[in-house]
Every structure is written in C-alpha cells, then in structure tokens.
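J.: Mind folding the following:
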Amino acid sequence: MTTRNTIFGMVSTLVLLSACASTFEATYDHDSAHDFSGYQSFGWISKNPMIVGRTAQAINPLLQPRIMSALEKALVAKGYTYAKSDKDAEFVLSFTIGSREEIKVDSYPSMSAGYGRGHPGHWGWGGAYYGTETQVRQYTKGMLAVDIFDVKERRPVWHGVATKNINESDRENLEETVKAAVDAILVGFPPPPDSG
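T.: Just a heads-up that it's a prediction; the model follows:
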C-alpha cells in the first residue's frame, strides 16, 4: 500500500509540474503617474488592431477575431463596457502576436561501466568511463502583447505580454490557448493604485 501511495504521489506531482510548465508567463508595464480608476468603457484602436511581429510561421487570419472576442469578454467580466463607437471609449486597445523557433541544448555528465581488460592477462569489467550526454530540443515560443492607450491623452499607458512554449495541443485548441493568454495578461490590468 505504501508503494502505491508513493507512486500515486509521484504521478500527481509530475502532472502538476507539467500543468505549471504549460501555462503562460506574463509581464506588465504601465505609466505609474496615470490614473486608471476612472476608466469605464473601452474600444479598439482601429478596425484591424492586430500587429504581426516577428513570427516563425504563417499567421492564421482567424486569430484576430478570436483575440478580439477574448479581450472583449475578459474586459466586460472585469466591469468595463464595450463602446461600439471609439468616440465613447475612454481607452482603446491594440495587440501584437508573434512567435520564434528556439533550440534548447542540455548537456550533462554521464557514467558508464566499460567492459575490457581487468587484471593483466584476464578479461573482466574495466573501470567506469565518463562522458557527456547532450539533448537538443526545438520548440516554438508564442507571444501575445496587449497595449492600452488613453483616448483623451492619445498615448500608451499600459502594456502586457504573455509568452509560452507552444505545443500541439495549443495549436489544436486555439480558442482555449487565446483565452489563457488573454487571462494571463489581464491579471495585471488595471494596475493596483499604489504600484509604480
């Protein structure tokens, strides 16, 4: 029974670690002198608010409406009102997407027992020999950045970026991937009043 509990605990830990490793990492920046407390309504900076940054693959044109929808829903859930006319918006958004291929090389020492001559004139196990094992992985790092502009001041006031190593499951479940990226970014909006 103890062995079964130990194995279950190890498997649970691995699942938890793999789930943590697959989440988006987000960073934020904002104008610390700007007052975000009066914001009630938002809109888009243009009809096509998506900017395509450096990318390793062709961009799916269906990403723009998916990201726009996810951002609208997330901001409405935070209590903001979507303004159909940009004249009624207090802040507007644009977003940038991109990706790049990265290679990770891990090298670590390894030890193997060799078979060779033991004592003079006798065959047997020789000494251990040391070497280096290298593991090379290629992966795609995806990025979504959201920029918020103050309408009255006509300038950027907030920036959030989410990055993640994209896997096949992310590509197959684009709506979930987009929602996870948007949620990770908007955790930092609005910034706390005393942050600076």
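J.: what sits against residue 39?
T.: Applying C-beta atoms under 8 Å, 6 or more residues apart in numbering to residue 39 gives the contacts 80, 90-91, 190. Where you see a C-beta, it was placed from the backbone N, CA and C, and this is true even at glycine.
J.: Kindly indicate the member of those residues with the most neighbours.
T.: The most crowded member of these, judged by other C-beta atoms under 10 Å, is residue 91 (25 neighbours).
J.: Residue 46: neighbour count?
T.: That count, for residue 46 with other C-beta under 10 Å as the rule, works out to 10.
J.: Kindly report the same for the one 4 residues further on.
T.: The number of residues packed around residue 50, counting by other C-beta under 10 Å, is 18.
J.: before we move on, back to that, would you reformat the contacts of residue 39 as JSON lines and include distance to residue 32, pLDDT and secondary structure?
T.: Shown next, in JSON lines, are the contacts of residue 39 (distance: C-beta to C-beta, whole Å; pLDDT from 0 to 100; DSSP: H, G, I helix; E, B strand; the rest coil):
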{"residue": "80", "distance to residue 32": "21", "pLDDT": "98", "secondary structure": "coil"}
{"residue": "90", "distance to residue 32": "19", "pLDDT": "97", "secondary structure": "coil"}
{"residue": "91", "distance to residue 32": "16", "pLDDT": "97", "secondary structure": "strand"}
{"residue": "190", "distance to residue 32": "12", "pLDDT": "96", "secondary structure": "coil"}
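J.: can I get the residues you listed in JSON lines with distance to residue 37?
T.: Converted to JSON lines, the contacts of residue 39 look like this (distance: C-beta to C-beta, whole Å):
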{"residue": "80", "distance to residue 37": "12"}
{"residue": "90", "distance to residue 37": "11"}
{"residue": "91", "distance to residue 37": "12"}
{"residue": "190", "distance to residue 37": "8"}
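J.: Just flag the most distant two among those.
T.: 90 and 190 (11.7 Å; C-beta to C-beta).
J.: Tell me the buried residues in stretch 42-56?
T.: Buried residues in stretch 42-56, counted by 16 or more other C-beta atoms under 10 Å: 42-45, 49-50.
J.: Where strands are concerned, which of these count?
T.: Members of the buried residues of stretch 42-56 lying in strands (criterion: DSSP state E): 42-44, 50.
J.: on that earlier part again, pLDDT and distance to residue 154 for the buried residues of stretch 42-56 - can I get that in a markdown table?
T.: Shown next, in a markdown table, are the buried residues of stretch 42-56 (pLDDT from 0 to 100; distance: C-beta to C-beta, whole Å):
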| residue | pLDDT | distance to residue 154 |
| --- | --- | --- |
| 42 | 98 | 15 |
| 43 | 97 | 14 |
| 44 | 96 | 15 |
| 45 | 95 | 10 |
| 49 | 94 | 16 |
| 50 | 92 | 20 |
